[in-house]
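Novice: sequence and predicted model, in that order:
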Amino acid sequence: MTDISYQDLAWPVREDITAAHRRTWERLGQPGTWLTGGERVAIAHEARAAMDCRLCRARKEALSPNAVQGSHDHGAHRAAQLSELEVEQIHRIRTDPGRLSRAWYEGLADGGMIEERYVETVGVIANVVAMDTFTHALGLDPWPLPEVRSGEPSRARPAAARRQMAWVPTLAPEDAIGTVDGELYAGRASAAHIYQAMSLVPDAVTGFFDLVVNQYLPPQAMRDFDNEYRAINHAQIELVAGRVSALNQCVY
């Protein structure tokens, strides 16, 4: 198992961040809700490989990604269980998310894409990017991906999920009340779209926000402007967040 540690660095790293990173990496190799541990690790490999993909680079430089056709460069460790459709999904989400379109998404669906697997894949990519960006900022190599754990996905789908605010079905907080999935919104008076976005796979939400509350702020601290919880203040945090979002064409 990868021993994630940020000791003996020029910049001290809080222990809660280190602990969250260890949990994230442990979950990555385990069976998920719709993906096996092997598929999850293969997606992580492919998300990293996408940054050196010649097709993705050409599409990124083109006026429209649809103007460039070809085949993706696969990662050296690409698992056979990833289809070409899933490789396209992973590469586009990783390299050019600001220009994804409903037509692109519907094209995946027409090709046989399974929405629940799509959502869980987004969660895997988001976690890997967050971890890799963190190590890059510290001048470290990316952590080796974890060993694969055996087992089958649970394939549990929230019964009340429906298409309402996104291309994919999501679980609205009001629809979750009284259901087995209601715990997803426990203690929340409301849920922002960013929190609902992956709710078709609740474990993807809880896993991603395990990183968010430690690398960013926990919910109760976000609007507590009388107290500061980090080395930089609320305004500085939001300035960084807004700038990064603009550079990544993220319109959260």
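Specialist: The structure has been received and is ready for your questions.
Novice: mind checking how far the lengthiest helix in the chain is from the chain centre?
Specialist: Counting by DSSP state H, the longest helix found in the chain is helix 115-137. When C-alpha coordinates are averaged (CA atoms, centre = their mean, to the nearest Å), helix 115-137 and its chain have centres 3 Å apart.
Novice: mind listing what's buried in it?
Specialist: Residues 115-132, 134 are the ones in helix 115-137 that count as buried (16 or more other CB atoms under 10 Å). For glycine as for every other residue, the C-beta is placed from the backbone atoms N, C-alpha and C.
Novice: following it, which helix or strand shows up next?
Specialist: helix 173-176 (DSSP states H and E).
Novice: got the buried residues for that following helix?
Specialist: For helix 173-176, by 16+ other CB under 10 Å, it's 173, 175-176.
Novice: and of these, the nearest to residue 224?
Specialist: Ranked by distance to residue 224 (CB to CB), the buried residues of helix 173-176 are led by residue 173 at 21.8 Å.
Novice: what distance do you get for that closest one to residue 219?
Specialist: 14 Å (CB to CB, to the nearest Å).
Novice: for the longest helix of the chain, packing partners?
Specialist: helix 15-28, helix 37-49, helix 84-95, helix 202-215 (3 or more CB pairs under 8 Å, 6 or more residues apart in numbering; DSSP states H and E).
Novice: what's the most buried one of these?
Specialist: Of all the helices and strands packed on helix 115-137, helix 37-49 carries the top mean neighbour count, a mean of 23, counting by mean count of other CB atoms under 10 Å.
Novice: so, low pLDDT: which residues of the stretch 151-252 of the chain?
Specialist: 189, 252 (pLDDT under 70).
Novice: sorry, back to before: residue 233 is nearest to which of the helices and strands packed on helix 115-137?
Specialist: When these are ranked by proximity to residue 233 (CB to CB), helix 202-215 comes first, at 16.2 Å.
Novice: stretch 148-157: end-to-end distance?
Specialist: 23 Å (CA to CA, to the nearest Å).
Novice: which other residues reach that stretch?
Specialist: Contact with stretch 148-157 is made by 29-38, 41, 116, 200, as judged by CB atoms under 8 Å, 6 or more residues apart in numbering.
Novice: could those residues be laid out in JSON lines, adding distance to residue 50?
Specialist: Output for the contacts of stretch 148-157, formatted as JSON lines (distance: CB to CB, whole Å):
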{"residue": "29", "distance to residue 50": "20"}
{"residue": "30", "distance to residue 50": "23"}
{"residue": "31", "distance to residue 50": "24"}
{"residue": "32", "distance to residue 50": "20"}
{"residue": "33", "distance to residue 50": "23"}
{"residue": "34", "distance to residue 50": "21"}
{"residue": "35", "distance to residue 50": "17"}
{"residue": "36", "distance to residue 50": "21"}
{"residue": "37", "distance to residue 50": "21"}
{"residue": "38", "distance to residue 50": "19"}
{"residue": "41", "distance to residue 50": "15"}
{"residue": "116", "distance to residue 50": "22"}
{"residue": "200", "distance to residue 50": "23"}
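Novice: next, the contact list for the closest residue to residue 14 other than its chain neighbours, please.
Specialist: Distances taken as CB to CB, 6 or more residues apart in numbering place residue 214 nearest to residue 14, at 7.7 Å, with adjacent residues excluded. Counting by CB under 8 Å, 6+ apart, residue 214 touches 14, 16-17, 19-20.
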